[in-house]
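**Student:** sequence first, predicted coordinates after that:
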Amino acid sequence: MPFDPNIYASNWTMVALSGIVALVAIGGMFFASRILSSRRPSATKLSTYECGIEPARFSWSNINLRFYIFAILFLIFDVEAVFLFPWAVIFLEQRDLGNSIPFYAMVLFLGVLFFAIIYGWKKGVLEWQK
């Protein structure tokens, strides 16, 4: 199939049109919210939590680092899924046995993720404790 720049230009036109429609929709929702909402400011509504309960003076609390590492591991593997599925589809469609660089690049990527999960497991992040 020869290269046709008009196909790519029409695709980018649709992307730009979608962006413009999204911006108009967001602007319309903000405008409607400004027009239709009631505004009766009070000291309680303007407080930090806006729930009617006076906030505590000191909001320092200890959060276990385990929860942070668990969240980061979740994000890492979520992003991995985003990269892995399109790669697998394209890799199976092409089936070019002469070019093995994409295969080994994905093996390297999965290897790094494997060491990330081993690290989390060794640190005890994946074990829920009281």
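**Tutor:** Sure thing, it's come through. Nothing here was measured: the structure is a model prediction, and the numbers come from that model.

**Student:** which parts of stretch 102-118 are buried?
**Tutor:** Along stretch 102-118, these residues count as buried under the neighbour rule (16 or more other Cβ atoms under 10 Å): residue 113. To be clear about C-beta, it is placed using only N, CA and C from the backbone, and glycine gets the same treatment.

**Student:** what's in contact with that stretch?
**Tutor:** 73, 76, 77, 80, 83, 84, 87, 91 (Cβ atoms under 8 Å, 6 or more residues apart in numbering).

**Student:** buried subset of those residues as a ChimeraX selection?
**Tutor:** Buried residues among the contacts of stretch 102-118 (16+ other Cβ under 10 Å), as a ChimeraX selection:
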select :73
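
**Student:** from the contacts of stretch 102-118, which is closest to residue 28?
**Tutor:** For those, the residue nearest residue 28 by Cβ to Cβ is residue 83; the value is 34.7 Å.

**Student:** elements contacting the helix or strand that contains that closest one?
**Tutor:** Here residue 83, judged by DSSP states H and E, is contained in helix 65-94. Other elements packing on helix 65-94 under the criterion 3 or more Cβ pairs under 8 Å, 6 or more residues apart in numbering; DSSP states H and E are helix 101-122.

**Student:** chain center to the helix it packs on, what's the gap?
**Tutor:** 20 Å (Cα atoms, centre = their mean, to the nearest Å).

**Student:** distance from stretch 82-94 to the middle of the chain?
**Tutor:** Relative to the chain's own centre, stretch 82-94 is displaced by 20 Å; criterion: Cα atoms, centre = their mean.
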